[in-house]
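# Structure of the sequence below:
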Amino acid sequence: MEGFEEDIESVLYIAREISVYKIPPLRVNEGHRANDWGDLANPLWKGRLRIVETKKNAALKFEDSQTGDLFARAEYDPLKPSVEAVLDSSRYFVVRVEDAGKKAYIGMGFAERTDSFDFNVALQDYTKRYKAALNPPSPTSDTPSPHVPSGPKRDYSLKEGQTFSISIPGKSRKHGTSTSLLSSSSTVSGNGGGIPLLPPPPSGRQK
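Numbering: from 1, shown residues only. Reported below is the predicted structural model:
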């Protein structure tokens with residue numbers, strides 16, 4: 001059953017018609033150019049292209065448009081891409097194909113720029129998912145917040161029968177023990193132990 005799952009292919013992209021070209025060797029310190037491939041209207045082969053993904057990898061398949069026969073296959077590794085864009089056009093690419101340990105480079109061209117754009121997007125999406133799978137994010141529960149103190153958690157809940165008091169500034173003295181001048185004068189004793197009230201100011205010139 002596991003081997004069956006590995007054989008299942010998901011199609012990431014289909015181009016109904018692409019052209020394949022024989023290309024000259026790459027010049028030193030220069031990129032590939034489609035204009036160096038000769039007559040672009042006379043390709044080596046024409047057919048369809050599919051990008052397929054399995055559980056292990058992805059691959060470019062060059063197939064006959066009518067019969068589905070395989071013309072060439074190129075494994076696609078995002079860490080060592082087998083596809084390279086040319087320098088002089090957005091519709092042409094160089095693809096590295098391998099068979100039985102042998103490597104060869106072929107030119108590939110799309111009839112429309114929209115097809116080459118969709119081809120690029122499909123490879124980019126696969127590359128993002130591939131790299132994300134290599135570096136999965138760690139669970140948030142495994143990374144403690146720097147704002148949370150380390151160590152065992154403390155239980156601050158009240159047990160049955162427990163109470164607590166809150167001290168409010170200016171409200172800690174008991175009722176009747178205020179030491180303001182007004183309250184002190186109201187408790188003046190006959191022995192003169194209290195603080196007497198000051199006489200009121202004169203109300204004006206007396207007649």
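
# When you work out contacts or count neighbours from here on, use the C-alpha atoms and nothing else.
Fine.

# All the strands of the chain, in order from the start?
Taking DSSP state E, the strands of the chain run over residues 10-22, 45-53, 58-63, 70-76, 83-85, 92-99, 102-110.

# okay, the ones you listed, which one's buried deepest?
Mean neighbours per residue, mean count of other CA atoms under 10 Å, is largest over those for strand 58-63, with a mean of 22.

# And the contacts of that strand?
47-53, 69-77 (CA atoms under 8 Å, 6 or more residues apart in numbering).

# Nearest to Asp39, out of the strands of the chain?
The closest of the strands of the chain to Asp39 is strand 10-22. By CA to CA, the value is 9.4 Å.

# Report the inter-axis angle for the closest one versus strand 102-110.
Angle of strand 10-22 versus strand 102-110, following axes from the mean of the first three to the mean of the last three CA atoms, to 10 degrees, is 100 degrees.

# Provide the strand pairings for strand 10-22, with the direction of each partner.
Here strand 10-22 has these sheet partners by DSSP bridges: strand 45-53 (antiparallel), strand 102-110 (antiparallel).

# Which among these is found nearest to His32?
Across the strands paired with strand 10-22, His32 has its closest neighbour in strand 102-110 (9.3 Å, CA to CA).

# so how far is Arg154 from Thr163?
Distance from Thr163 to Arg154, counting by CA to CA, to the nearest Å: 18 Å.

# what about Ala59, distance to Ser65?
Taking CA to CA, one finds Ala59 at 17 Å from Ser65.

# can you give me the helices for this protein?
Remark: helices assigned in the chain by DSSP state H are 2-7, 113-134, 181-185.

# Distance of the closest residue to Tyr130 other than its chain neighbours relative to Ala72?
Nearest in space to Tyr130, with sequence neighbours left out and distances taken as CA to CA, 6 or more residues apart in numbering, is Pro78 at 7.4 Å. Separation of Pro78 from Ala72 (CA to CA): 19 Å.

# need the contact list for the closest residue to Trp45 other than its chain neighbours.
Using CA to CA, 6+ apart and skipping residues adjacent in sequence, the residue nearest Trp45 is Val20, 5.1 Å away. Counting by CA under 8 Å, 6+ apart, Val20 makes contact with Pro43, Leu44, Trp45, Lys46, Ile106, Gly107, Met108, Gly109.
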